[in-house]
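A.B. asks: turn this into a structure:
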Amino acid sequence: ATTATTATTMSAEDAKATAAAADEDAATAEPALPQTLREQMAGQRVIVVLDRASLETVRTKKGDYQLLNADDHRRIASRNDRDPSDYRPDILHQELLALMDSPLNKAGKLQVFIKSASNVLIQVNPKTRVPRTYKRFAGLMVQLLHKLKIRSADGKDMLLKVVKNPVTRHLPPGARIYGMSCTGQLYNPNLFAAAMPDDTPIVFFIGAMATGHITVNDHPYIEEMISVSEYPLSGATAINRLLGGIENHWGIV
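C.D. replies: Prediction:
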């Protein structure tokens, strides 16, 4: 898996800065995590795939690398005849914060994957603490896209890593798979969670892009498209509503 750049390494100064950000921001106190793969994929378990995330890097005139974004790289978008809304990694940042800070994750019942628009698949360790600021998050993503992995400060844990496609190879057999879209079947989050099976992992595909929708045509293994509000919501808000219903049903406070 590669990014959409032609370069292979960051400048020494940039690499040092992003490594420091990774050490300070990417590790957190350990949640109550299942230890084995079987434990991770069994019973009350939610797996979220953040789909079509904007994760591309560009080499600047200074020789370092930046994460392409609509605010800083509009000229690149115009030059490549691309919509600036294609460059919105801030959406992924917001959604990851909502997921990794959730009580569901801290209870050890959440696994997150990121699928980029350029087909890079990333596995996120539940122990990962997402950087609070976008600048540090962008630096961390640049480091990940070039090195293909991020370890914890003590080197014991792999916090982020690029893994092989397709994403279905990482999903447990028999899991119920749903896609989230404002055009999906409307459910009250609490009632939807109450109807979920307690002995089967649940997978949600959630868009991490500015425009468009997750569709069954893109992911034919999706059983149903669902919505958790009659109003259009940001991805992070939809995630909070969805996980809140599940946490309430499973007694996670």
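A.B. asks: which helix in the protein has the most residues?
C.D. replies: With DSSP state H setting the assignment, residue counts place helix 235-250 as the longest helix in the chain.
A.B. asks: show residues contacting that helix.
C.D. replies: Contacts of helix 235-250 with the rest of the structure, by C-beta atoms under 8 Å, 6 or more residues apart in numbering, involve 44, 46, 48, 50, 91, 94-95, 97-99, 102-104, 107, 109-110, 180, 188-194, 196, 198, 204, 206-208, 228-229, 233, 252-253. All C-beta atoms are positioned from the backbone trio N, CA, C, and that covers glycine.
A.B. asks: repeat the analysis, applying 6 Å as the threshold.
C.D. replies: Applying C-beta atoms under 6 Å, 6 or more residues apart in numbering, the set of residues contacting helix 235-250 from outside is 44, 91, 94-95, 98, 102-104, 189-190, 193-194, 228.
A.B. asks: swap in stretch 99-114?
C.D. replies: The list of residues contacting stretch 99-114 from outside it, by C-beta under 6 Å, 6+ apart, reads 31-34, 44-50, 53, 122-124, 126, 130, 167, 243, 247, 252.
A.B. asks: looking at those residues, which are in strands?
C.D. replies: 46-50, 53, 122-124 (DSSP state E).
A.B. asks: what's the most distant pair in the residues you listed?
C.D. replies: Based on C-beta to C-beta, the longest span within the ones in strands among the contacts of stretch 99-114 runs between V46 and A53 and measures 18.5 Å.
A.B. asks: just checking, next helix/strand downstream of the strand or helix carrying G179?
C.D. replies: Under the criterion DSSP states H and E, the helix or strand holding G179 is strand 176-186. Next along the chain after strand 176-186, taking DSSP H and E as the criterion, comes helix 189-195.
A.B. asks: nothing else from me, thank you.
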